[in-house]
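# Return a 3D structure for these sequence lines:
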Amino acid sequence: MSAFRHRMAALPAAALDRVGLWPGPARPVAFVVERANWSIRWDGAYVCEGVERLTPGTIELCDRPEFLARCLVHFGSQFLWTLWKDVLARSNRFAVTYFHGKPEDGPDMARHVEDFLSSLPRLGRVVTAARLVEDRLLSWGVPRDRLVRIPIGVDLGAFSPTSDLERSRMRALYGIRDDQVCIGSFQKDGTGWGDGDDPKFIKGPDVLLEVVAQVARYRPVFVLLTGPARGFVKRGLTKLGVPFAHDWVDDFRELPRRYAALDVYLNPSREEGGPKGILEAMASHVPVVSTRVGMAPDVIRDGVNGGLVDVDDPVGLARRILELPGGEAMAARLQAARRAIEHCDWPEVARRHLDDVYRPLL
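Presented below is the predicted three-dimensional model:
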């Protein structure tokens, strides 16, 4: 197995066969990803796979953009763009995906937003996933004709409803009792890539703990965590006396099975671009309860296909969990949830990138 495949082992198998990291402009479009085995990297692989199916020889992944010249360079996040923009060849054209962030999030984010906005003249397209962020970018002066809203993608083939047998197997794997409400939280909510003892409050780990504590007053609770840097949450759950498991999945292809163990997926964030977890849960027929951040208001209708409450409302989040219906009402809700995110399937998301971002700039 090549060194590339070792580094990309967590990405979809089909994507591994069709894309590769490269140091030069071998193809017209380069999708720049971070080197960490996490969301931006996975997104890049899916976009490249989909675009290559439509127009072979168009796009490849890249994590060394300083070598690029005379091509279209798409940065998978605005943070990567601001990190690299001052050393990039002027012969390139540029597109950037802006997921989340506003000056109110803190002084570091305020400086980042100012830096990003100062670079707008160099950007041919700004891509964002959520209507909330789209409206924000327009209010900041991003030109309408350069702004494109394309949802974050989800693999509807990999993330799909599972059988009762698979549910039983996964719950037995983690020791989850039938009477316990299993709350899932599959994200990164600590700083850095270590233990995560220093929380990223923008992701709401303190809200998560508050919600769990409130639900546990009425029902036995188990919390299933994936994702890196979850130390703050794990310490908090230990203090609450709430049983949990943290299963950081190195291979992204193993993640869909973890949703089978859940009774509800919780997103307590204060700011998001997606998050991807709500799409994966909705595709997997797992009830979702979320704050009004990122794409959540675009795909969730409160009480119809999920639960939706304001930011910093742990009481509302806990109530939505405790009031989840059962039987036919739940089945209808789950079917409606999956229908609501069908337009987020990766082939459609890749086609949107090709038609609305790459072709106009090429």
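
# Poorly predicted segments of the stretch 1-150 of the chain, please.
Scanning the stretch 1-150 of the chain for pLDDT under 70 picks out 1-25.

# And the strands in it, which stretches?
Ranges of strands within the stretch 1-150 of the chain are 29-32, 59-62, 72-75, 93-97, 123-128, 147-149, based on DSSP state E, counting those that start in this stretch.

# Repeat that for the stretch 201-350 of the chain.
221-226, 244-246, 264-267, 288-291, 307-309.

# Paired strands for the second one, with orientation please.
Okay, so that is strand 244-246. Sheet pairing for strand 244-246, assigned by DSSP bridges, gives strand 221-226 (parallel).

# Tabulate the strands of the stretch 1-150 of the chain in a markdown table, adding columns for distance to Arg177 and mean neighbour count.
Placement of C-beta: from N, CA and C, glycine included. Formatted as a markdown table, the strands of the stretch 1-150 of the chain follow (distance: least, C-beta to C-beta, whole Å; neighbours: other C-beta atoms under 10 Å):
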| stretch | distance to Arg177 | mean neighbour count |
| --- | --- | --- |
| strand 29-32 | 44 | 27 |
| strand 59-62 | 43 | 26 |
| strand 72-75 | 46 | 26 |
| strand 93-97 | 41 | 23 |
| strand 123-128 | 42 | 23 |
| strand 147-149 | 43 | 18 |
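
# rewinding a little: same list, the strands of the stretch 201-350 of the chain, but as a markdown table with mean pLDDT please.
Shown next, in a markdown table, are those (pLDDT from 0 to 100):
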| stretch | mean pLDDT |
| --- | --- |
| strand 221-226 | 97 |
| strand 244-246 | 97 |
| strand 264-267 | 98 |
| strand 288-291 | 98 |
| strand 307-309 | 98 |
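
# Which one of those lies nearest to Met330?
Distance to Met330, taken as C-beta to C-beta, is lowest for strand 264-267 among the strands of the stretch 201-350 of the chain, at 10.7 Å.

# still on that earlier bit, as TSV, the strands of the stretch 1-150 of the chain with distance to Gln214 would be great.
TSV is the format used below for the strands of the stretch 1-150 of the chain (distance: least, C-beta to C-beta, whole Å):
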stretch	distance to Gln214
strand 29-32	42
strand 59-62	43
strand 72-75	40
strand 93-97	35
strand 123-128	33
strand 147-149	35
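
# returning to what we had before: tabulate the strands of the stretch 201-350 of the chain in a markdown table, adding columns for distance to Phe201.
Shown next, in a markdown table, are the strands of the stretch 201-350 of the chain (distance: least, C-beta to C-beta, whole Å):
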| stretch | distance to Phe201 |
| --- | --- |
| strand 221-226 | 17 |
| strand 244-246 | 19 |
| strand 264-267 | 15 |
| strand 288-291 | 13 |
| strand 307-309 | 18 |
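
# Tabulate those (JSON lines), appending mean neighbour count and distance to Phe159.
Shown next, in JSON lines, are the strands of the stretch 201-350 of the chain (neighbours: other C-beta atoms under 10 Å; distance: least, C-beta to C-beta, whole Å):
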{"stretch": "strand 221-226", "mean neighbour count": "23", "distance to Phe159": "14"}
{"stretch": "strand 244-246", "mean neighbour count": "18", "distance to Phe159": "20"}
{"stretch": "strand 264-267", "mean neighbour count": "26", "distance to Phe159": "11"}
{"stretch": "strand 288-291", "mean neighbour count": "28", "distance to Phe159": "12"}
{"stretch": "strand 307-309", "mean neighbour count": "23", "distance to Phe159": "19"}
